[in-house]
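**Q** I would like to see how this sequence folds:
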Amino acid sequence: MRSAVGAPLRAPLAADRNRSLPAGVVVFMEQGGSTMGEEPAGLDLLLGLLLMAAIPTVVGGAVILSLVGLTVWATAPLRRRGRAKAERGRAPSGGARDH
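**A** Numbering: from 1, shown residues only. Sure, this is the predicted structure:
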C-alpha cells in the first residue's frame with residue numbers, strides 16, 4: 001500500500017512514537033486510564049435484560065407455533081375421516097350438529 005506521494009505506509013513502531021511522522025501516516029494512540037465504562041443504571045440494565053429475554057422468547061414462540069400449525073395440518077385428514085365415520089353412524093339431525 002502506498003501513500004499519495006509514493007512513499008510506503010507503515011504502522012509506527014514503539015520506538016517511532018516520539019518522532020514526527022510524515023503527513024498521511026496514521027498513528028494509533030493508546031488509550032490511557034481505565035478501559036471499563038461506568039456501570040449501567042437500573043433502567044439501562046432492565047432494558048438490556050428484557051432485550052436478552054425477548055429474543056429467545058420470540059424465536060422459541062415462532063418454533064412452537066410452527067410445530068403446532070404443522071401438527072394441525074398433518075392431522076387434518078385423520079380428523080376429517082373420523083368426522084365422516086361418525087356422521088355415517090348417526091341418524092339425520094336436520095342440519096344441526098350435536099357435539
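**Q** so where is the protein shaky, pLDDT-wise?
**A** 1-36, 90-99 (pLDDT under 70).
**Q** let's see it at 90
**A** 1-42, 77-99 (pLDDT under 90).
**Q** would you map the helices across it?
**A** Assigned by DSSP state H, the helices in the chain fall at 42-89.
**Q** for residue 41, grab phi and psi.
**A** Main-chain dihedrals, residue 41, degrees, to the nearest 10: phi -70, psi 170.
**Q** list phi and psi for residue 39.
**A** Dihedral angles for residue 39 - degrees, to the nearest 10 - are phi -70, psi 140.
**Q** and it, how close does it get to residue 68?
**A** For residue 39, the distance to residue 68 (Cβ to Cβ, to the nearest Å) stands at 42 Å. All C-beta spots, glycine's among them, are computed from the backbone N, C-alpha and C.
**Q** same deal with residue 38?
**A** Distance from residue 38 to residue 68, by Cβ to Cβ: 45 Å.
**Q** of these two, which one has the most company?
**A** residue 68 (10 against 6; other Cβ atoms under 10 Å).
**Q** tell me how many other residues crowd residue 51.
**A** So residue 51, with other Cβ under 10 Å, has 9 neighbours.
**Q** which ones are touching it?
**A** Under the criterion of Cβ atoms under 8 Å, 6 or more residues apart in numbering, residue 51 has no contact partners.
**Q** what backbone torsions are found at residue 38?
**A** phi -80, psi 160.
**Q** from residue 49, how far off is it?
**A** Separation of residue 38 from residue 49 (Cβ to Cβ) stands at 18 Å.
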